[in-house]
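Pasting the sequence and the predicted model now:
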Amino acid sequence: MAATVPVVWDFLGYRFEAGPCIVTICATLMTRLIVSLNTNTRPRWLLDTCITCLSMLVAALWTQSKDLTLLPAAITGIGFGALGIGIIGFAKGQMAAALKVGVKTFLSSATAELPKPDPIDSDPDADLLRRLD
Amino acid sequence: MSDHGIAMKVVTAVRSTTPPSFDGDIPLYAFSLFLMTAMFFLSLMMMGRQAGRIWEQRNYDHQLDPVSLHRLVTMFAAAGVMLSCGAEALLLWGWTPKDAELTRRVIMAKRWIEPFAILCALVWMSIVMLAEPGLEHQLRKAPLPVDMWSRWPMLIRSLGVLALSLIMALAAVLLR
């Protein structure tokens, strides 16, 4: 009954282990079902569906990229399901930080005059050759 | 110390995809995985619901009203089930020959969590014992039958949790 060899799916050239992947997606869905969608407010089906799909996608990709086993995969799913719409804010923060660093590097390289390194001094091979002389 | 612990030695010696107490019985492992996961999430929902009800009604119901005690008892019972099933689910999901350190940790976590689950049950039973005469006296005052079946749609979410747990357990067993 049990698979002795893990089933691996190939999707767009990426290697998805089927077990952890499905477990992640189900855990995300379950968390969304019992926590985030458990409200008394007017149901917003489109928004809820979109956020659930986004969390499932991010969680599945995370599991794939880290090559997780079952328990870490399930906990990843629960975590991303609990984050819900917070994923967008988190990604925005990451993106803004990366952008800040990028802009800073660009500005400093565009304005500052870089000191030209001496080709002989900086070359390790040349240094060795000189020492050998 | 953790590298030479007894639990670590056992885990590295067994090298099985299921905990050794299952004796290689994969259907039993899947059944256990399904029920423990489902009951963990369902009792989590129940505990959250009761805690939320207590908090919402705190200005309306006195803390020692029969209804508050009933909510408190249900909350502690759910907490006990949640901790117990959660620890077992943690062990079942975390058992993997690939990562002996993780396996050792989940076994230890189960040993540490389960006594606290039993303490929750102790609190629940104590409240029932202490409140019994007063509670029964008041509950007999208006003994009208409770209409339960009009509320069955409330169980749809629970059925969804059960179905998802089943899918997770089958995926873990069949595709790993």
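That came through fine.

confidence score at residue 113?
No chain specified, so I'll use chain A. According to the prediction, A:Glu113 has pLDDT 63.

think we crossed wires, I meant chain B
B:Ile113 carries a pLDDT score of 94 in this model.

Run a quick neighbour tally on the closest residue to A:Ser55 other than its chain neighbours.
Take A:Ser55 and drop its neighbours on the chain: the residue closest to it by CB to CB, 6 or more residues apart in numbering or on different chains is A:Phe80, 4.6 Å away. In this view, the C-beta of every residue, glycine as well, is placed from N, C-alpha and C. Close neighbours of A:Phe80, defined as other CB atoms under 10 Å in any protein chain shown, add up to 26.

is it true that A:Phe80 touches A:Trp62?
Yes: A:Phe80 is within contact range of A:Trp62, at 7.1 Å (criterion: CB atoms under 8 Å).

what sits in contact with each of these two?
Common contacts of A:Phe80 and A:Trp62 (CB atoms under 8 Å, 6 or more residues apart in numbering or on different chains): none found.

Flag the shaky bits of the chain, pLDDT-wise.
Using chain A. Scanning chain A for pLDDT under 70 picks out A:1-5, A:36-38, A:113-124, A:126-128, A:130, A:133.

wrong chain, I was asking about chain B
Short version for chain B, where the test is pLDDT under 70: B:1-4.

what's the longest helix in it?
With secondary structure taken from DSSP state H, chain B has its longest helix at helix B:100-139.

Report all helices and strands that the very next helix or strand once past that helix contacts.
Using DSSP states H and E, the helix or strand that follows helix B:100-139 in sequence is helix B:156-175. Packing partners of helix B:156-175 (3 or more CB pairs under 8 Å, 6 or more residues apart in numbering or on different chains; DSSP states H and E): helix A:18-31, helix B:26-56.

Report the separation between the residue nearest in space to the middle of chain A and chain B.
Using CA atoms, centre = their mean, the residue of chain A that lies closest to the mean C-alpha position is A:Trp62, 5.6 Å off. Separation of A:Trp62 from chain B (CB to the nearest CB, to the nearest Å): 17 Å.

Please apply the same query to A:Leu57.
Using CB to the nearest CB, A:Leu57 is found at 17 Å from chain B.

State the helix or strand in which that residue lies.
helix A:45-66.

Can you list the buried residues in that helix?
Using 16 or more other CB atoms under 10 Å in any protein chain shown as the test for burial, helix A:45-66 gives A:48, A:51-52, A:54-56, A:58-60, A:62-64.

ok so, going back, same list (the helices and strands packed on helix B:156-175) but as CSV, adding mean neighbour count and distance to B:Trp124.
Formatted as CSV, those follow (neighbours: other CB atoms under 10 Å in any protein chain shown; distance: least, CB to CB, whole Å):
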stretch, mean neighbour count, distance to B:Trp124
helix A:18-31, 25, 26
helix B:26-56, 18, 11
